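Student: One predicted model, sequence on top.
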Amino acid sequence: MTAPVIGVLALQGDVREHLTALAAADAVAGPVRRPEELAEVDGLVIPGGESTTISKLAVLFGLMEPLRARVRAGMPVYGTCAGMIMLADKIHDPRSGQETVGGIDMIVRRNAFGRQNESFEAAVDVRGVPGEPVEGVFIRAPWVESVGASAEVLAEHGGHIVAVRQGNALATSFHPELTGDHRVHRLFTDMVRAYRRGESL
Ligand SMILES: NC(=O)CC[C@H](N)C(=O)O
């Protein structure tokens, strides 16, 4: 079977790092900015960045509804940090009025680990990633306050949930695309390969 085609939502954020990591995990990777580009990919990464900006631009570019539709229809999607926030059915701070794509029954708290200058790295054991713990890079990172019954917690740090999967949707508070360790991207590309084979996720 040919390599899976995986898009990176390229509205704002660390798009290039994800493109590199996906290519290293044997996917054909390209940026997605328009609904027609979204229609052509087998899976999508939503990068880290600023989730309020990504959300506003997704609405502006006419991508929010197509994104929701494809995630609902089963397309594999992986969100890091701001991308994790985009995949949350609910954001903790209801004042924000920030729209999300949703897909994971979880409540996410933005900037929960503190400000930019409180960013840190920590070893994180991620279920489904074989071998050594993953080096987790946390940059103004969210954590997950709570998950619903259908969401599976894959990792915790300091008593807080930092990685979650629900069927076709995967999310991490941290940024594996910044470390040169592509095991989490490999986990995701394996999900995309399974989806292309018609397996249910
Ligand atoms: N590194 C990141 O993606 C930070 C996420 C950012 N704090 C947000 O709320 O969007």
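Tutor: Looks like it arrived, so ask away.

Student: quick one, what contacts the residue most central in space within the chain?
Tutor: Relative to the mean C-alpha position of the chain, the nearest C-alpha, by Cα atoms, centre = their mean, is the one of residue 79, at 0.8 Å. Neighbour list for residue 79: 45, 46, 85, 86, 87, 169, 170, 171, 172 [criterion: Cβ atoms under 8 Å, 6 or more residues apart in numbering]. Just so you know, the C-beta spots here come from the backbone N, C-alpha and C atoms, and that holds for glycine as well.

Student: so the last one bridges to which residues?
Tutor: On the basis of DSSP bridges, residue 172 is bridged to residue 80, residue 163.

Student: Just the buried residues of the longest helix anywhere in the chain, please?
Tutor: Assignment by DSSP state H gives helix 183-196 as the longest helix of the chain. For helix 183-196, burial by neighbour count (16 or more other Cβ atoms under 10 Å) applies to 183, 184, 185, 186, 187, 188, 189, 191, 192, 193, 195.

Student: Now do it: everything it contacts.
Tutor: Under Cβ under 8 Å, 6+ apart, the answer for helix 183-196 is 1, 4, 6, 18, 21-22, 24-27, 42-43, 45, 74-76, 78, 126, 128-131, 134, 168, 170, 172, 176-177, 201.

Student: try stretch 108-115
Tutor: Residues from elsewhere that reach stretch 108-115, judged by Cβ under 8 Å, 6+ apart: 51, 84-85, 88, 90-93, 96, 119-120, 138, 140-145, 160, 173.

Student: before we move on, the earlier item: out of the contacts of helix 183-196, which are buried?
Tutor: Of all those considered here, the ones buried according to neighbour count by 16+ other Cβ under 10 Å are 4, 6, 18, 21-22, 24-25, 27, 42-43, 45, 75-76, 78, 126, 129, 134, 168, 170, 172, 176-177.

Student: Of the contacts of helix 183-196, which are in range of the ligand?
Tutor: Restricting those to those touching the ligand (Cβ under 6 Å from any ligand atom) yields no residues.

Student: for the chain, which spans come out with low pLDDT?
Tutor: Counting by pLDDT under 70, the chain contains low-confidence ranges at 94-96.

Student: Show me the strands in it, by range?
Tutor: Using DSSP state E, the strands of the chain run over residues 5-9, 28-32, 43-46, 77-80, 88-91, 104-109, 120-124, 134-138, 143-147, 152-157, 160-166, 169-172.

Student: Identify the residues contacting residue 168.
Tutor: Residue 168 sits next to 71, 74, 75, 76, 77, 103, 191, 195, 201 when contact means Cβ under 8 Å, 6+ apart.

Student: ok, 10 Å please
Tutor: Counting by Cβ atoms under 10 Å, 6 or more residues apart in numbering, residue 168 makes contact with 43, 70-78, 103-104, 191-192, 194-195, 200-201.

Student: got it, and residue 60?
Tutor: residue 11.

Student: quick one: it from residue 191, how far?
Tutor: From residue 60 across to residue 191, the span is 29 Å (Cβ to Cβ, to the nearest Å).

Student: Distance from stretch 158-166 to the middle of the chain?
Tutor: 12 Å (Cα atoms, centre = their mean, to the nearest Å).
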